[in-house]
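1. Need coordinates for the following:
(one chain, ligands or ions: 1)
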Amino acid sequence: MRTKGGNFERWRLRARHSRHAVRTVDVLRSRSLRHSRRLAVPRPSAVAPFAVRALTFRFMRFASITGWGSAMPPAVLSNADLSTFLDTSDEWITTRTGMKERRISHVSAVELSTVAAARALACAGLDARDVDLVVYGSCSFEEQVPNAASAVQKALGAEGAAAMDLNTACTSFLYGLTAASGMIRTGVVRCAVVIGVELISRYIDWSNRNVAVLFGDGAAAVVLQPSDTESGVIGALLGCDTEARASLRVRGVGLGYGGRGITLGDTSWDFDGQVIFKRAVVAMCESSSRVLAQCGVSADDVSVMVPHQANLRIIEAVAKYAGMPMDKVVLTVQRYGNMSAATVPVALVEALEAGRVHPGSLLLMTGFGGGLTWASLIVRWGDRVTPLGTSSRELPPCTKSALEMVNEIRATQDPHGRSACGLAQPV
Ligand code: ACO
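-> The predicted model follows:
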């Protein structure tokens, strides 16, 4: 075992001028150590000192959130704007959802993600070349292949880093955070950027008031790095309530709609708001309670709750069930609406910028999304709550109003034409 460890050290030294070679060697070493762990456990005295030290380092460390940043499109779409083309009102939207405004992006989801990720890296005091993994959590994709994470990796300058798209709808960021934390804790990667982003304005059915008033665009990202002190995701529960899978479906995007004469960009949403509402409340309440119990903490120990922001009434119901006073709950739903995968990270960034998160704070993050997927995480914050640096990356100026951009998208949709036939067929 000593010989094997020594060999790896020599390879590592030989490869020290190549970042990717070092990464490969690290992965090989961690695989070998996993194997040596299985062999070594029954006879601990037989394990060489090198292997024992390395095992402790590899398997006991945490994945701390060391950087954070968001990229919110500047154009604001108000409830009054929506009333110009939908049979709706500020009064209905505000009382049923809590929403007043949402953002409409003038740039692509990749561009939003790249700015958010650059800001998160600067906050962590890191360079894009330090990144080993980019996770793009979203259901907004420009192409089937190549994936969006690879485009962000390229635009960011994170040359050679692994790039992974992850789509669990609104919970994509929470699933991505859990997955990337696991990869860091097992030594597969050392620095991960996890993005939650959505560009729903491009494929929402703007003719349907049941959905068009609910969603908005945005992006945020966090940086994860290994830590030996307890921090990052310390408890996670993930699941999926597939009985209600049909309650939320975006028709018109995906291979199942090929060859049906559907106008590109035209969609029709199956959306049973009341079913989603009830199941979301149950899933978020139950998983929040269970993850708190799993971590041996109570609602009183939690400093900040960062819930998915689909509806103010859902958030209030979940907070009440969890025994969480509303002053501990981060709310963005009034200003940004439901940004799907971007809601939780954007709310997290706002909580940090508002000074609501302190070193060692416990955070409860909970959400649900199409599928119907759900997730609840307990995060222990690390030592630092202020950025180490800032990024010079900015979104380009926006020259149009949100309503102008929405009207342009509406003009490309075909709600009552030939698409209606293709969109209505079963998938
Ligand atoms: N403006 C005016 N009236 C409206 C609008 C609107 N924008 N939308 C619906 N209505 C009408 C309906 O047509 C209905 O009229 P009717 O009584 O004449 O039939 C009436 O308002 C009441 O509709 P309900 O569906 O009963 O309204 P409800 O109080 O359930 O609120 C809502 C609807 C806001 C959609 C709610 O059910 C909800 O928030 N559900 C969860 C949505 C959600 O979580 N979405 C995210 C899914 S997962 C993800 O995040 C991707």
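2. The residue in the stretch 201-350 of the chain that the ligand sits nearest to: neighbour count?
-> Nearest residue of the stretch 201-350 of the chain to the ligand: residue 273, at 2.9 Å (Cβ to the nearest ligand atom). The C-beta positions use only the backbone N, C-alpha and C, and glycine is treated the same way. Other residues within reach of residue 273, judged by other Cβ atoms under 10 Å, total 16.
3. With residue 425 instead?
-> Counted with other Cβ under 10 Å, residues neighbouring residue 425 total 11.
4. for the nearest residue to the residue of the stretch 201-350 of the chain closest to the ligand once chain neighbours are set aside, what are its contacts?
-> Nearest in space to residue 273, with sequence neighbours left out and distances taken as Cβ to Cβ, 6 or more residues apart in numbering, is residue 210 at 6.3 Å. For residue 210, the contacting residues are 269, 271, 273, by Cβ atoms under 8 Å, 6 or more residues apart in numbering.
5. What ranges does this structure have for its strands?
-> Using DSSP state E, the strands of the chain run over 62-71, 75-78, 101-104, 133-137, 162-166, 192-198, 218-227, 232-240, 248-251, 268-271, 304-307, 362-369, 373-380.
6. Can you tell me how far residue 263 is from residue 105?
-> Computed as Cβ to Cβ, to the nearest Å, the residue 263 to residue 105 distance reads 21 Å.
7. For those two, indicate the residue with more neighbours.
-> Using other Cβ under 10 Å, the more surrounded residue of residue 263 and residue 105 is residue 105, with 28 against 17.
8. From residue 121, how far off is the more buried one?
-> Residue 105 is 21 Å from residue 121, where distance means Cβ to Cβ.
9. now residue 76
-> 27 Å.
10. When the two are compared, which one has more neighbours?
-> Shown here are residue 76 and residue 121; by other Cβ under 10 Å, residue 121 has more neighbours (29 against 18).
11. wait, what's in contact with residue 322?
-> 285, 288-289, 292, 299, 305, 364.
12. can you redo the contacts of residue 210 as CSV with distance to residue 214 and pLDDT?
-> Listed next are these as CSV, based on distance: Cβ to Cβ, whole Å; pLDDT from 0 to 100:
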residue, distance to residue 214, pLDDT
269, 10, 94
271, 9, 96
273, 8, 94
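13. how about these in CSV, adding distance to residue 129?
-> Below are these laid out as CSV (distance: Cβ to Cβ, whole Å):
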residue, distance to residue 129
269, 41
271, 43
273, 45
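14. Check the gap between the residue nearest in space to the middle of the chain and the ligand for me.
-> The chain has residue 173 as the residue nearest its centroid, 1.6 Å off, counting by Cα atoms, centre = their mean. Per Cβ to the nearest ligand atom, to the nearest Å, residue 173 is found 12 Å from the ligand.
15. Next, find the distance separating the residue lying closest to that residue once chain neighbours are set aside from residue 365.
-> Counting by Cβ to Cβ, 6+ apart, residue 196 is the residue found nearest to residue 173 once chain neighbours are left out, at 3.0 Å. Residue 196 is 11 Å from residue 365, where distance means Cβ to Cβ.
16. Same check on residue 112?
-> Per Cβ to Cβ, residue 112 is found 21 Å from residue 365.
17. More neighbours: these two, which one.
-> The neighbour comparison of residue 112 against residue 365 (other Cβ under 10 Å) goes to residue 112, with 31 against 27.
18. ok now do that one, which residues does it touch?
-> Residue 112 neighbours (Cβ under 8 Å, 6+ apart): 71, 73, 105, 197, 199, 217-219, 395.
19. now swap in residue 222 and tell me
-> 65, 67-68, 120, 177, 193-194, 345, 348.
20. Contact residues of the stretch 301-427 of the chain facing the ligand?
-> Residues of the stretch 301-427 of the chain lying close to the ligand by Cβ under 6 Å from any ligand atom are 310-311, 338, 340, 369-370.
21. Widest-spaced pair of those?
-> Greatest spatial distance in those: 311 and 370, 14.9 Å, computed using Cβ to Cβ.
22. Quick one: low-confidence residue ranges for this protein.
-> 1-60, 415-418 (pLDDT under 70).
23. rerun at 50
-> The chain contains residues with pLDDT under 50 at 1-57, 60.
24. how's it carved up into domains?
-> As assigned by automatic domain parsing, the chain contains the domains 2-60, 62-424.
25. Just the terminal-to-terminal distance for the longest one.
-> Same thing as domain 62-424. End-to-end distance for domain 62-424: 48 Å, by Cα to Cα, to the nearest Å.
26. now do stretch 335-352
-> 17 Å.
27. Tell me the buried residues in it?
-> For stretch 335-352, burial by neighbour count (16 or more other Cβ atoms under 10 Å) applies to 335-352.
28. Please narrow the residues you listed to those residing in helices.
-> Mapping the buried residues of stretch 335-352 onto helices (DSSP state H) picks out 335-336, 343-352.
29. quick one on the thing from earlier: doesn't residue 219 make contact with the residue nearest to residue 173?
-> Yes - counting by Cβ atoms under 8 Å, residue 196 does reach residue 219; the two are 6.9 Å apart.
30. Good, we can wrap up now.
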